[in-house]
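Chemist: show me the folded form of this:
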Amino acid sequence: RKEETNSHSPLTSRFEVIVILLMVQSLNTKALVTLASVIRRPYLLSPHLTVETISDVNFPAMKSHCGIRAVVFDKDNTLTAPYENYTHRNASRGLKSALDTFGPSHVAILSNSAGTLDDPGYEDAIRIEQEMGIQVIRHNEKKPGGLDEMMQHFGDDVESPSQICMVGDRLLTDIVFGNLYGMLTVHCLPLCSGKENAKDNKIAKVVRTVENKGLYGNWFCGRMIRSRTLHHAVWEGEEKCPLVLDKLATHEEQIDI
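Modeler: Next comes the predicted model:
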């Protein structure tokens, strides 16, 4: 592997700012601890797959060809509008596909709010489960923590983190979490913008923008990080095993139905 970015690079300073903002946003001490890993290995930010929404993911192919047995979603701006408990129209087809493919017992939400110690009595988690029909994993550490609780949630059906797909809109929490433990990682763009995104945490908006521009921008560090995306234990890459649906074909299928 090529020599990794040193701690004095502009990229490092950007990471430090991101994590400080995250701490202010949610007192995410796990993200602070993980800062050292991200500075040494910035490619932890790079997902295996990037899509516009989860409805662009071929979940049946993921199960058949990638050794994936369970899918874990972030909630806000991945499945729903911020702080809403109903599936966003642009995510509904993807969520249905995941549930149909893996079954309700092998699809779950791992949120940095619902199901955490910030959720008294897990009231929000219970409400989400009742209204959306998806299990919410209870966990004490916020992402990029929570691995033990996730593995316990799925039990013996999932033997290794590499058999889990982590899907979310946040690079420094969802994607770093998945990559740290060898999961298949899918990054989606935020579902909402403008007025529809009015409830989103203001700091989260800023941090997400910095994350995305930093990774996907046409600049040296962004290109370097993307070129060093970690290999998954089973998935051989988009060219050999496509996981992004053909939008035109999908649209034509919907018209035929």
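
Chemist: name the nearest residue to the residue nearest the centre of the chain, ignoring sequence neighbours.
Modeler: Compute the mean C-alpha point of the chain, and by Cα atoms, centre = their mean the closest residue is residue 168, 2.3 Å away. Excluding the flanking residues, the one nearest residue 168 by Cβ to Cβ, 6 or more residues apart in numbering is residue 174, at 2.7 Å. For every residue, glycine as well, the C-beta is placed using N, CA and C.

Chemist: need the pLDDT of the residue nearest to the centre of the chain.
Modeler: We have a pLDDT of 98 for residue 168.

Chemist: re the thing from before, surely the residue nearest to residue 168 meets residue 167?
Modeler: Yes - look at residue 174 against residue 167 with Cβ atoms under 8 Å: they come within range, at 7.3 Å.

Chemist: distance check, residue 238 against residue 49.
Modeler: Distance of residue 238 to residue 49, given as Cβ to Cβ, to the nearest Å: 7 Å.

Chemist: next: residue 194.
Modeler: 26 Å.

Chemist: of these two, who's got more company?
Modeler: Neighbours were tallied for residue 194 and for residue 49 using other Cβ atoms under 10 Å; the higher tally belongs to residue 49 (23 against 6).

Chemist: could you give the bridge partners of the closest residue to the more buried one other than its chain neighbours?
Modeler: Of all residues beyond its chain neighbours, the one nearest residue 49 is residue 186 (4.6 Å), with distances taken as Cβ to Cβ, 6+ apart. Beta bridges link residue 186 to residue 49, residue 167, judged by DSSP bridges.

Chemist: touching, residue 186 and residue 53? I think so.
Modeler: No - Residue 186 is not in contact with residue 53 according to Cβ under 8 Å; the separation is 10.6 Å.

Chemist: between the two, who's got more neighbours?
Modeler: residue 186 (26 against 20).

Chemist: the stretch 51-200 of the chain: helices as residue ranges?
Modeler: Taking DSSP state H, counting those that start in this stretch as the criterion, the stretch 51-200 of the chain carries its helices at 59-65, 92-102, 123-132, 147-154, 176-180.

Chemist: for this structure, which segments count as strands?
Modeler: Per DSSP state E, the chain carries strands over the ranges 49-51, 70-73, 107-109, 135-136, 164-168, 184-188.

Chemist: can you get me a residue count around residue 242?
Modeler: Residue 242 has 13 nearby residues by other Cβ under 10 Å.

Chemist: tell me the pLDDT at it?
Modeler: Residue 242 is given a pLDDT of 95.
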